[in-house]
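1. Here is a sequence with its predicted model. Questions after.
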Amino acid sequence: QVQLVESGGGLVQPGGSLRLSCAASGSIFSINSMGWYRQAPGKQRELVAAVISGGSTNYADSVKGRFTISRDNAKNMVYLQMNSLKPEDTAVYYCNAEGRGYDSSWIVLTDFDSWGQGTQVTVSS
């Protein structure tokens, strides 16, 4: 079992900044990728940014130049620095991690694809 816990959401004015954090814990052997998704009311969940174990990053076009994803492999954490926030960035932001973890035996490795509970980001004046 791999658990993800997000923090750092909140209310911010347009043009402001927020930093989201996500910590992964549990029976982790290795993490291949970590990323952030968001879901606005009435819309599908969409990828915001992701970083793979080698350090390569991928961003949604709508956030390029404003958001920066970073990862601390030693701590199994991922961050999302969000600058120049816009009202259309308002959504619930979810952390995701994919990798390999141990099953209940702590011997057998299995794939995992885990999600956090989500953190609300509201951009409004």
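-> Nice, thanks for sending it over.

2. Confirm for me that residue 119 is in contact with residue 6.
-> Yes - the pair residue 119 / residue 6 is scored as a contact, 4.3 Å apart, by CB atoms under 8 Å. Yep, even glycine has a C-beta here, placed from its N, CA and C like the rest.

3. Next, show the common contact partners of those two.
-> 20, 93 (CB atoms under 8 Å, 6 or more residues apart in numbering).

4. So residue 118 is in contact with residue 45, correct?
-> No - proximity of residue 118 to residue 45 does not meet the contact threshold set by CB under 8 Å, at 9.8 Å.

5. out of those two, which sits in the busier spot?
-> Taking other CB atoms under 10 Å, residue 118 and residue 45 do not tie; residue 118 has more neighbours (18 against 15).

6. what phi and what psi does the backbone show at the more buried one?
-> Per-residue torsions, residue 118: phi 100, psi 150 (degrees, to the nearest 10).

7. Could you tell me which residues touch both of residue 118 and residue 45?
-> 39, 94.

8. Can you name the next helix or strand after the helix or strand containing residue 81?
-> Counting by DSSP states H and E, the element that carries residue 81 is strand 77-82. Note on strand 77-82: by DSSP H and E, the next helix or strand toward the C-terminus is strand 91-102.

9. Note down every partner strand of that following strand and its orientation.
-> strand 28-39 (antiparallel), strand 109-115 (antiparallel), strand 119-123 (antiparallel) (DSSP bridges).

10. Pull the number of nearby residues for residue 17.
-> So residue 17, with other CB under 10 Å, has 11 neighbours.
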